[in-house]
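Student: Next input, structure requested:
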Amino acid sequence: MAKAIHSMVRVLDEERSVGFYSKAFGLGIVDRFAFDGFSLVYMRNAESDFELELTVNHGRKDPYSLGDGYGHIAFAVDDVELERQRLEGLGFSPTPVKQLEHDGVVLAKFFFVQDPDGYKIEVLQRQGRYR
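Tutor: Coordinates of the predicted model:
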C-alpha cells in the first residue's frame, strides 16, 4: 500500500513562504537541502508526518504561473471560525467560511487562504472524513 508523504510547491521567496506556513499552520522546517541552482525545504508539524516541500529555484525573480491545473492543499482544524479569525488577524485575508451539504448533511465547513505565491489552501473543520 502506498503512503502519501509530501506535496511540493515552487516558491519565490523562501523566508516569506516559511514564515507564512509557520504562522498560518504551525509548520516547522524539518530538513533543508541546498543544491546548485535550487533548495528543498521540508516542513511539517506534530499533527502529521505528511510534509510540505518548498522548492526554491535560486535566482528566480518572476512569480510562478499557477495555471488552471493546481487545486489546493488542505488542513483540518478544531474550530474553523476561530482559525479564520486568527489568520485574518495575521493579515492573511482568508475567504468567508462556507458550508457544503450533501443530501441534507453537512459534509464540510471551510474557507480558503492563499500563501505568498498565490497557492490556495483549504482550511476545514475537523469532522467526518476531515480529521
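Student: Show me where this protein has its helices.
Tutor: 14-25, 80-89 (DSSP state H).
Student: Send me the first one as PDB with only the CA atoms.
Tutor: If I follow you right, that is helix 14-25. C-alpha atoms of helix 14-25 as PDB (Å, rounded to 0.1, in the frame of the first residue of the first chain):
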ATOM      1  CA  GLU A  14      12.000  31.000   0.900                       C
ATOM      2  CA  GLU A  15      11.900  33.200   4.000                       C
ATOM      3  CA  ARG A  16       8.500  34.700   3.200                       C
ATOM      4  CA  SER A  17       7.000  31.300   2.500                       C
ATOM      5  CA  VAL A  18       8.500  29.600   5.600                       C
ATOM      6  CA  GLY A  19       7.100  32.500   7.700                       C
ATOM      7  CA  PHE A  20       3.700  32.100   6.200                       C
ATOM      8  CA  TYR A  21       3.400  28.300   6.700                       C
ATOM      9  CA  SER A  22       4.900  28.600  10.200                       C
ATOM     10  CA  LYS A  23       2.500  31.400  11.300                       C
ATOM     11  CA  ALA A  24      -0.600  30.100   9.500                       C
ATOM     12  CA  PHE A  25      -0.300  26.300  10.100                       C
END
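Student: What's opposite the residue nearest to residue 41 when sequence neighbours are not counted in the beta bridge?
Tutor: Of all residues not flanking residue 41 in the chain, residue 54 sits nearest, at 4.2 Å (CB to CB, 6 or more residues apart in numbering). To be clear about C-beta, it is placed using only N, CA and C from the backbone, and glycine gets the same treatment. On the basis of DSSP bridges, residue 54 is bridged to residue 9, residue 41.
Student: these two touch, right, residue 54 and residue 38?
Tutor: No: Residue 54 is not in contact with residue 38 according to CB atoms under 8 Å; the separation is 10.5 Å.
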